Structure formats: C-alpha cells, structure tokens
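K.L.:
Build me a model from this:
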Amino acid sequence: MGKATRSAILLLGCFIGMGSTANASSFTVNPITVTLSGKDQSALLTLQSQTSEEIRFKVLVQEWQQSPQGEMQLKDTKDIVVYPGLLTLAPNEERKLRIGSTVPAGAAERSYRVFVEELPPLRAPQTSNKSEVKVLTKMGVPIFVRPGKPAAAGSVEGMGLAKRKLAFAVRNTGNVHFLLQSVRVKALDAKGAAVFQKDVEGWYVLAGGTRVWEVEIPKDVCGKSKVITVAVESAEAKFDGRMEMPAAGCGP
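P.N.:
Numbers count the residues shown, from 1 in each chain. Got it, this is the predicted structure:
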C-alpha cells in the first residue's frame, strides 16, 4: 500500500468468559454481563484504558435474539438507553457508562447487547509506522431484563437418527436464559455401556429459544448402539433426552 496508511481492521468480540472483566487489546469492560429488573432498572458499565494513547468510543444497544444455529440476530431498540453514547478515554483513564431500561419487567426475560466500539484516532500517533495496521475492537456485552418471577427450565426435543446422523434440539422452556456448560451425546450398547461419546459446543439459549445440533455416530459403533442419550447442563438447569436406536438409523 506504499506510503498510504492502511485501513483499520474491525474485530467483533462477544465476550462471555468466566472472569468478571472482558479484555481487549487496549481497554477492558466490566462487568461482562448486565442484569436489570423491575427493582434495578439501571446499572454501571466501567471502561478502562490499558494503553498510553487516547481512545475514542461509540456505544450502542441492540435487541438480541438467536437463530436455532446459535447465530446472533440484532435489531435497533429504544428499550435500553446508555449514556454517554460517545466518549474519549485519556491514557489509562477509567470511565463509567450508565445503562437503563425504559420498559418494565415482563413475564419473560428480555435480552439485549451493549456494543462498545473503538473508533479510529483523530490523528495518528507521532511514533506510528505508516504501514502499521491499526486494530480496532468492538465488544458485545449481554444485557438481561429479568422477569418478576424467574424460572429456568429446558428440554431435549426432536431426537432422530437417519444415515447415522443424530439430530436434536435444546429448547428453553423457562422464562430466563441459560448458558450451556455441557451438551453430551452418548450411544449405549445393550448392557448400558457407552460405546460413543461426544461433547458439542453450547452457548446461550435465550428465554423461549431453541438451539439445534447434528452429530454423526461413527459407523463402527452405530450398529452396536441400542440407546442414545443427550445430557444438558447449565448453571441454571439440568435436563436430558433419551431415544431407542431406530432400526434403520444406521443405514446408508
């Protein structure tokens, strides 16, 4: 690209780690989940610079739903307000954002994401290399507006096997989200011993939402299997599903 400065690269990060702070290359966000309710309709989100340079941010909130494959579905909303929407952090400075709900708590939990997006600097640092790639980060932090009477529950549904491919769905039958810690598929023989086991990756299943998977059962164990089980575990709920092996399930 010669002497011209390269275009900034935008990285989208949606942090759900086990810690209490989400870390980017140049700043941190704390907490990593915001929970609001009818009693607590506002909360603070802390941004802290981790660099010796000035950083500019744009902050916005969007309503958050999910596809059955786990993809985020976002749309603009006025249910949640955040202040300030634009801000600048001096080197190593810390600022707090105020997040508030404009809607009352309903029968089911509402889900949103607040995005903290790093903006390009107004002027390049004097020490910067003109061919250097500037990496910008966009963090997405979940916001949940809890119902008055939260209840976590779920079920494994739609289990079926065809051509050695197991299809099943995890449905959130409660009124609050859960974060999947384990989704384990097992194939058992006639004596109840496991001849196959596989853990599939899970994420959030929002209130009223459904997540679907497909798992291939290896050919060498499919014919030996008599039962298939799916065990689901989260911090909020545990449940499972069970299916007798269909006679034609291992066929071509």
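
K.L.:
And the strands in the stretch 101-250 of the chain, which stretches?
P.N.:
110-119, 135-145, 154-162, 165-172, 178-188, 194-200, 204-205, 210-216, 227-234, 238-244 (DSSP state E, counting those that start in this stretch).

K.L.:
Export the second one to CSV, keeping only CA atoms.
P.N.:
Same thing as strand 135-145. Provided in CSV are the C-alpha atoms of strand 135-145 (Å, rounded to 0.1, in the frame of the first residue of the first chain):
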residue,chain,number,x,y,z
VAL,A,135,-6.7,-3.0,15.1
LEU,A,136,-10.0,-1.7,16.4
THR,A,137,-12.2,-3.8,18.7
LYS,A,138,-15.9,-4.0,19.2
MET,A,139,-17.1,-5.7,22.4
GLY,A,140,-20.6,-7.0,22.9
VAL,A,141,-21.8,-7.3,26.5
PRO,A,142,-25.1,-9.1,27.2
ILE,A,143,-27.9,-7.2,29.0
PHE,A,144,-30.8,-9.1,30.5
VAL,A,145,-34.0,-7.5,31.9
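
K.L.:
that older thread, got the strands of the stretch 101-250 of the chain as TSV, with mean pLDDT and distance to residue 91 columns?
P.N.:
C-beta: built from backbone N, CA, C; applies to glycine. TSV is the format used below for these (pLDDT from 0 to 100; distance: least, C-beta to C-beta, whole Å):
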stretch	mean pLDDT	distance to residue 91
strand 110-119	96	14
strand 135-145	92	17
strand 154-162	97	46
strand 165-172	97	44
strand 178-188	96	35
strand 194-200	96	43
strand 204-205	96	35
strand 210-216	97	42
strand 227-234	97	40
strand 238-244	96	47
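
K.L.:
Quick check: which of the ones you listed is nearest to residue 101?
P.N.:
strand 135-145 (5.4 Å; C-beta to C-beta).

K.L.:
If you count contacts, what does that closest one end up packed against?
P.N.:
If you count contacts as 3 or more C-beta pairs under 8 Å, 6 or more residues apart in numbering; DSSP states H and E, strand 135-145 packs onto strand 9-14, strand 27-30, strand 34-36, strand 110-119.

K.L.:
Any chance of the strands of the stretch 101-250 of the chain in TSV with mean neighbour count and distance to residue 57 as columns?
P.N.:
Formatted as TSV, the strands of the stretch 101-250 of the chain follow (neighbours: other C-beta atoms under 10 Å; distance: least, C-beta to C-beta, whole Å):
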stretch	mean neighbour count	distance to residue 57
strand 110-119	20	6
strand 135-145	21	10
strand 154-162	17	36
strand 165-172	20	33
strand 178-188	18	27
strand 194-200	15	36
strand 204-205	23	25
strand 210-216	17	32
strand 227-234	19	32
strand 238-244	15	39
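
K.L.:
Quick check: residue 115 touching residue 140?
P.N.:
Yes: with contact defined as C-beta atoms under 8 Å, residue 115 reaches residue 140; the gap is 5.2 Å.
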